[in-house]
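1. Next one to model:
(chains A and B)
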Amino acid sequence: MSALNIKKGSTKKSAYELRDPNAEVFETHTLAVIVDNEAGALARVIGLFSGRGYNIDSLTVAEVDHLGHTSRITIVTRGTPAIIEQIKAQLGRIVPVHDVHDLTVEGPSVERELALFKVRGTGNDRVEALRLADIFRANVMDSTLESFIFELTGTPDKVDAFAELMRPLGLVELARTGVAALSRGSE
Amino acid sequence: MTRQMTGAKMVVQALKDQGVDTVFGYPGGAVLPIYDEIFQQNEIQHVLVRHEQGAVHAAEGYARSTGKPGVVLVTSGPGATNAVTGLTDALLDSIPLVVLTGQVPTFMIGTDGFQEADTVGITRPCTKHNWLVKDTEKLAETIHQAFHVAVTGRPGPTLVDIPKDVQFAQGSYVTPQKSRTDNYQPQMKGDIADITALVEMIEAAERPVFYTGGGVINSGPGASQLLRELVEATGFPITSTLMGLGAYPATGEKWIGMLGMHGLYEANMAMHDCDLMINIGARFDDRITGRIDAFSPGSKKAHIDIDPSSINKVVRVDVPIVGDVGHVLEDLLRIWKSRGRKTNTDALKTWWTQINAWRDVKCLTYTNSDTIIKPQYAVERLEALTRGKDRYVTTEVGQHQMWAAQFMDFNEPGRWMTSGGLGTMGYGLPASVGVQQAHPDALVINVAGDASWLMNMQEMGTAVQFRLPIKQFILNNERLGMVRQWQQLLHGERYSHSWSDSLPDFVKLAEAFGCKGRVVSNPSELDDAIEEMMAYDGPFILDVLVEKHENCFPMIPSGEPHNSMLLGEVEATDAIRGKGATLV
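-> Here you go, the predicted model:
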């Protein structure tokens, strides 16, 4: 599926050419943006989204190549196919942006998010929270006699599901990293 | 071997190595070291403007009339914020500029120091790219990159923010050749398969039209030559946006006039009824398309643009070609010729018969008067008396701008400088300063309205100081004409704040600035006044008192398609209703 890779300076070979361009269906896409790790690079990307009225559902960023000074920004965004296509073209236009990958159309990808949950409770609620954490393969990072901090890694859906279960059991605080994603396979 | 020098000296050296001969600027505390270096050399001329906005528009005029990037030097804080309108104007019209701003010393950044502003933050959305240089070692390379980014791909303004301590510190100078520019290399060549697909459509088209824009001019004189060759060889009609005027000569046989909201009837009808639209370096701006869902409903559309984000942004196209106009046209012509130069000649003949019928409507007809100067007549006479001269025209924004576009002929690229995308009132006077600076012996005319002209009139001082004989041709209706027109058509003739009260006496104003002015109100004296303006050896303000309530037609009302044009006053009554009323 590397033909679907949207290289900078090209709008061709987009999967959207196969779809109804006028469909008003909102889709969720995960974009990986490789940028020079320079001052203001993240501000440029975020400014593009706010300035042109695009959505950001989640955003993660960190330097991934210390020698090459490049960072990877993973953005989960929503829009019609035409808007998503425009977002990618606009991102590609930013000077320090090297590549824009649409992981949602480039084939299967692995998406993971890390979350920390502080759950306060005693008695049966506390036992139940621990039992559910075990089912979800969440790890206990901190414990007092009346609280736990669980660490959970998984898809955003899994994190949502665990949060829903913890809420009645005394969830008091939740921290999420946002999605990190890579396409599957050797490419 | 690297040369050590101060950051300030580096700035001047980098400009020289980039071939810069003119800088438009205004000094201030945070750029004093650079001004000190400018003082000690003669290769680069510094044009002292009267307001930083004027510096940026002057640089735009310089850039658009020469094809070279315009260079601006201003101080921190208010110097930089005053440049913001010009930067946005240049971004929307894709004009290459390099703007250098001073900044408070690095150790004071973030302390709300005197004349401190977050310049890179403020200008991030209105530049193609910008940099804050915190290390003198990186200064030269950054300036070279700024030039590279400004002129490469889709041109645009870049900005380099230089703290004062970086200007004082020593560092090693890097030449343009040794600077890293490989990180920004947009695609220039179009995809051959797509170009071939377009050739096939050209061969079969029954009702084709070329729709060209500023991208042809930005691509360089070669692109305009190729466009002319393509138009003559295929015999297809050609229209252009406001930005693209001059790429194909207005005197050319295939020219059907400017299109868009105040474009010609024949051009807009051809766009609406065509079966093949070939967009070359234009961007389907809302002034062009009118109502999107009724935009040229029966046509296949091809779009040649160097900026991938322009494609499918507003209008879905059938054949997108990402590449530089010059490169793509070269390939297009080569492929079309090698396949036997075919067009559908019979169908084309019918198409031209239709177009000529639309031409016969004579949409620019207006009712002239022998007692009062009609603005259209004034522009017509200006055209007639300056035609064939080495002439450059700038404009402000409004009715006069549209009349200039409608009634003046542009036969070469780079002869017409107007604020298209941003619609910046106050653009024309400083732009004419920049054009005249680049072309000292040419006839440079700013076609202006009274209200726009006042917005940057301080630049007359620049013109007088630098002996730039710019001609200010003011169509004075004592109104904000276009605003007044919309209030008449759209807001029940309630003329809210759209007249110019307490206008200055433009003749006295000219004298106050040390140049000459003349006022003319009688149609019979207009020619003589224009002749006097041209003959005068220096800046001149011609105050043309025109009909106060003239409306600009043809007009596509907001929210309407191309084939619902208003041709005159009778049709215009109550023409804009419903959803169109909320559009600008």
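2. quick one: B:T241 from chain A, how far?
-> As for B:T241, its distance to chain A is 21 Å (criterion: Cβ to the nearest Cβ, to the nearest Å). Just so you know, the C-beta spots here come from the backbone N, C-alpha and C atoms, and that holds for glycine as well.
3. what about that residue, how many neighbours?
-> Neighbour count for B:T241, taken as other Cβ atoms under 10 Å in any protein chain shown: 27.
4. Quick one, grab the pLDDT at residue 156.
-> Using chain A. If you check A:P156, the pLDDT there is 94.
5. ah, I was thinking of chain B
-> pLDDT recorded at B:G156 is 98.
6. and the chain, what are its domains?
-> Chain wasn't specified; assuming chain A. A:2-102, A:109-183 (automatic domain parsing).
7. Wait, chain B was what I had in mind.
-> B:3-178, B:192-359, B:375-545.
8. Could I get the buried residue list for stretch B:338-356?
-> Using 16 or more other Cβ atoms under 10 Å in any protein chain shown as the test for burial, stretch B:338-356 gives B:343-344, B:348, B:351-352, B:355.
9. thinking again about what came up before, quick check: which of the domains of chain A is nearest to B:A204?
-> For B:A204, the closest of the domains of chain A is domain A:2-102, at 21.7 Å, according to Cβ to Cβ.
10. what helix or strand is B:G79 on?
-> helix B:78-82 (DSSP states H and E).
11. In that helix, which residues are buried?
-> Those would be B:79-82, for helix B:78-82 by 16+ other Cβ under 10 Å.
12. From chain A, how far off is B:Q401?
-> B:Q401 is 27 Å from chain A, by Cβ to the nearest Cβ.
13. Is that residue in contact with B:V393, as I believe?
-> No. With contacts defined as Cβ atoms under 8 Å, B:Q401 does not count as touching B:V393, sitting 10.3 Å away.
14. any weak-confidence spans in the chain?
-> No chain was given, so I picked chain A. A:1-23 (pLDDT under 70).
15. meant chain B actually
-> Counting by pLDDT under 70, chain B has low-confidence residues at B:1, B:570-581, B:584.
16. How about the residues of it by chain A?
-> Applying Cβ under 8 Å from any Cβ of the partner chain, we find that chain B lies next to chain A at B:120-121, B:124-125, B:128-130, B:132, B:149, B:183-184, B:186-187, B:191, B:194, B:307-309, B:311-313, B:316, B:320, B:322.
17. Looking at the domains of chain B, which is nearest to B:T365?
-> B:T365 sits nearest to domain B:375-545 of all the domains of chain B, at 9.3 Å, using Cβ to Cβ.
18. and the closest one, how far apart are its ends?
-> Taking Cα to Cα, to the nearest Å as the measure, domain B:375-545 stretches 9 Å from start to finish.
19. What are the boundaries of the strands in chain A?
-> A:27-36, A:58-65, A:70-79, A:97-102, A:109-120, A:139-144, A:147-154, A:171-176, A:180-183 (DSSP state E).
20. Likewise for the stretch 101-250 of chain B?
-> B:129-132, B:157-163, B:170-173, B:208-212, B:238-240 (DSSP state E, counting those that start in this stretch).
21. Can I get those strands in TSV including distance to A:E63?
-> As requested, the strands of the stretch 101-250 of chain B are exported to TSV (distance: least, Cβ to Cβ, whole Å):
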stretch	distance to A:E63
strand B:129-132	19
strand B:157-163	24
strand B:170-173	26
strand B:208-212	44
strand B:238-240	47
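22. of all these, which lies closest to A:A32?
-> strand B:129-132 (21.6 Å).
23. gap between that closest one and the chain center?
-> Relative to its parent chain, strand B:129-132 has a centroid offset of 23 Å by Cα atoms, centre = their mean, to the nearest Å.
24. packing partners for that strand?
-> Helices and strands touching strand B:129-132, by 3 or more Cβ pairs under 8 Å, 6 or more residues apart in numbering or on different chains; DSSP states H and E, are helix B:119-123, helix B:139-151, strand B:157-163.
25. Single out the most deeply packed of the ones you listed.
-> strand B:157-163 (a mean of 28; mean count of other Cβ atoms under 10 Å in any protein chain shown).
26. Can you list the strands that that strand pairs with?
-> strand B:97-103 (parallel), strand B:129-132 (parallel) (DSSP bridges).
27. Which of the ones you listed sits closest to B:D370?
-> Here strand B:97-103 is closest among the strands paired with strand B:157-163 (Cβ to Cβ), at 45.7 Å.
28. Helices of the stretch 151-300 of chain B, start to end?
-> Ranges of helices within the stretch 151-300 of chain B are B:164-168, B:192-204, B:214-218, B:221-234, B:265-273, B:286-289, based on DSSP state H, counting those that start in this stretch.
29. want to throw those into a markdown table with mean neighbour count?
-> As requested, those are exported to a markdown table (neighbours: other Cβ atoms under 10 Å in any protein chain shown):
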| stretch | mean neighbour count |
| --- | --- |
| helix B:164-168 | 21 |
| helix B:192-204 | 17 |
| helix B:214-218 | 28 |
| helix B:221-234 | 19 |
| helix B:265-273 | 24 |
| helix B:286-289 | 20 |
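30. Would you tell me which of those helices gets closest to A:V76?
-> Short answer: helix B:286-289, nearest of the helices of the stretch 151-300 of chain B by Cβ to Cβ, at 30.5 Å.
31. picking up where we left off before, any chance of the domains of chain A in a markdown table, plus distance to chain B?
-> Formatted as a markdown table, these follow (distance: least, Cβ to the nearest Cβ, whole Å):
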| stretch | distance to chain B |
| --- | --- |
| domain A:2-102 | 4 |
| domain A:109-183 | 22 |
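32. Using CSV, please lay out the ones you listed together with distance to B:L332 and mean neighbour count.
-> As requested, those are exported to CSV (distance: least, Cβ to Cβ, whole Å; neighbours: other Cβ atoms under 10 Å in any protein chain shown):
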stretch, distance to B:L332, mean neighbour count
domain A:2-102, 17, 17
domain A:109-183, 36, 16
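33. Residue of the stretch 251-400 of chain B closest to chain A, please.
-> In the stretch 251-400 of chain B, the residue that lies nearest chain A is B:S309 (3.7 Å; Cβ to the nearest Cβ).
34. Surely that residue and A:I87 touch.
-> No. Taking contacts as Cβ under 8 Å, B:S309 lies outside contact range of A:I87: 9.3 Å.
35. Dihedrals phi and psi, the residue nearest to B:G421 when sequence neighbours are not counted?
-> Nearest non-adjacent residue to B:G421, counting by Cβ to Cβ, 6 or more residues apart in numbering or on different chains: B:L92, 2.9 Å away. Here is the backbone geometry of B:L92 (degrees, to the nearest 10): phi -70, psi -30.
36. Quick one: neighbours of B:L92, just the number.
-> 19.
37. And for B:Q177?
-> B:Q177: 8 neighbours (other Cβ under 10 Å).
38. hmm, back to that, give me the contacts around the helix holding B:G79.
-> B:26, B:28, B:30-31, B:51-53, B:74, B:101-102, B:115, B:117, B:119, B:122-123, B:161 (Cβ atoms under 8 Å, 6 or more residues apart in numbering or on different chains).
39. In PDB, list the C-alpha atoms belonging to that helix.
-> Coordinates of the C-alpha atoms in helix B:78-82 are reproduced here as PDB (Å, rounded to 0.1, in the frame of the first residue of the first chain):
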ATOM      1  CA  PRO B  78       5.600  48.300  16.100                       C
ATOM      2  CA  GLY B  79       7.900  48.000  13.100                       C
ATOM      3  CA  ALA B  80       7.100  44.300  12.800                       C
ATOM      4  CA  THR B  81       3.400  44.600  13.600                       C
ATOM      5  CA  ASN B  82       3.000  47.400  11.000                       C
END
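40. what's the distance between it and the middle of its chain?
-> Worked out by Cα atoms, centre = their mean, helix B:78-82 lies 22 Å from the chain centre.
41. Repeat that for stretch B:447-464.
-> 17 Å.
42. CA atoms of it as PDB?
-> Taking C-alpha atoms only, stretch B:447-464 is exported to PDB below (Å, rounded to 0.1, in the frame of the first residue of the first chain):
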ATOM      1  CA  VAL B 447      -5.100  54.300 -10.400                       C
ATOM      2  CA  ALA B 448      -6.700  55.100  -7.000                       C
ATOM      3  CA  GLY B 449      -9.900  56.000  -5.200                       C
ATOM      4  CA  ASP B 450     -10.000  58.900  -2.800                       C
ATOM      5  CA  ALA B 451     -10.600  56.700   0.300                       C
ATOM      6  CA  SER B 452      -8.000  54.100  -0.400                       C
ATOM      7  CA  TRP B 453      -5.400  56.600  -1.300                       C
ATOM      8  CA  LEU B 454      -5.600  58.400   2.000                       C
ATOM      9  CA  MET B 455      -4.700  55.100   3.800                       C
ATOM     10  CA  ASN B 456      -1.000  55.300   2.900                       C
ATOM     11  CA  MET B 457      -0.700  58.900   1.500                       C
ATOM     12  CA  GLN B 458       2.300  59.500   3.700                       C
ATOM     13  CA  GLU B 459       4.400  57.700   1.100                       C
ATOM     14  CA  MET B 460       4.200  60.700  -1.200                       C
ATOM     15  CA  GLY B 461       7.000  61.900   1.000                       C
ATOM     16  CA  THR B 462       9.100  58.900   0.000                       C
ATOM     17  CA  ALA B 463       8.300  59.600  -3.600                       C
ATOM     18  CA  VAL B 464       9.500  63.200  -3.400                       C
END
